[in-house]
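Asks: no sequence for this one, just the structure:
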């Protein structure tokens, strides 16, 4: 998991000497700095990924997010006691101070017009991320990895039950 910057590490990396200097901030003509400029806000990558995942799921025609392998591991992780579904599954984001770039992998429902769906997903993600984070979204790359057919079973339905210790497996 990426390290989330703390106010102490941000101060250290911003050139501050480690102790605050008394008096008005340097570089302001009247000695008053607007409140909005007194500090930084750091956003973890997971925050942007969750926002993008929720925004993508709002669009009709998406069956699932993530590649087949990611969905399989995610389904196993969701079954672990205490495990929670990952809203950001299938989303990868790069987050800078003022900009972000997002990659999304998805499975679409059969019959949707993929270019139109991609346009709607892209617009909704950009609108949600920019509104909620204040970051400029420079790009949203969409990879359509599969088409879900109406008669296809869900991945969870295909899995065989695991025999408990002492129980004999069923023969086919």
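Replies: Structure's in. What do you need? These numbers were taken from a predicted model, which means no experiment stands behind them.
Asks: mind naming the longest helix for this structure?
Replies: Longest helix in the chain, counting residues (DSSP state H): helix 114-133.
Asks: list the contacts of stretch 118-133.
Replies: Residues outside stretch 118-133 that contact it (Cβ atoms under 8 Å, 6 or more residues apart in numbering): 43, 47-48, 51-52, 54-56, 58-59, 62, 100, 102, 104, 106, 135-137, 140, 142, 144. In this view, the C-beta of every residue, glycine as well, is placed from N, C-alpha and C.
Asks: give me the buried entries from these.
Replies: 43, 47-48, 51-52, 54-56, 59, 62, 100, 102, 104, 106, 135, 137, 140, 142, 144 (16 or more other Cβ atoms under 10 Å).
Asks: from these, which ones fall inside helices?
Replies: Those of the buried ones among the contacts of stretch 118-133 lying in helices (DSSP H): 47-48, 51-52, 54-56.
Asks: just put those in JSON lines and tack on pLDDT and distance to residue 33.
Replies: Formatted as JSON lines, those follow (pLDDT from 0 to 100; distance: Cβ to Cβ, whole Å):
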{"residue": "47", "pLDDT": "95", "distance to residue 33": "26"}
{"residue": "48", "pLDDT": "96", "distance to residue 33": "28"}
{"residue": "51", "pLDDT": "96", "distance to residue 33": "29"}
{"residue": "52", "pLDDT": "97", "distance to residue 33": "33"}
{"residue": "54", "pLDDT": "95", "distance to residue 33": "35"}
{"residue": "55", "pLDDT": "96", "distance to residue 33": "34"}
{"residue": "56", "pLDDT": "96", "distance to residue 33": "38"}
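Asks: would you reformat these as JSON lines and include distance to residue 39?
Replies: Formatted as JSON lines, those follow (distance: Cβ to Cβ, whole Å):
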{"residue": "47", "distance to residue 39": "18"}
{"residue": "48", "distance to residue 39": "20"}
{"residue": "51", "distance to residue 39": "22"}
{"residue": "52", "distance to residue 39": "26"}
{"residue": "54", "distance to residue 39": "27"}
{"residue": "55", "distance to residue 39": "27"}
{"residue": "56", "distance to residue 39": "31"}
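Asks: closest to residue 148 among those residues?
Replies: Nearest to residue 148 among these, counting by Cβ to Cβ, is residue 56 at 15.0 Å.
Asks: check contacts around residue 138.
Replies: 99-101.
Asks: closest to residue 111 among those?
Replies: Residue 111 lies nearest to residue 101 out of the contacts of residue 138, by Cβ to Cβ, at 30.2 Å.
Asks: alright, I will stop here.
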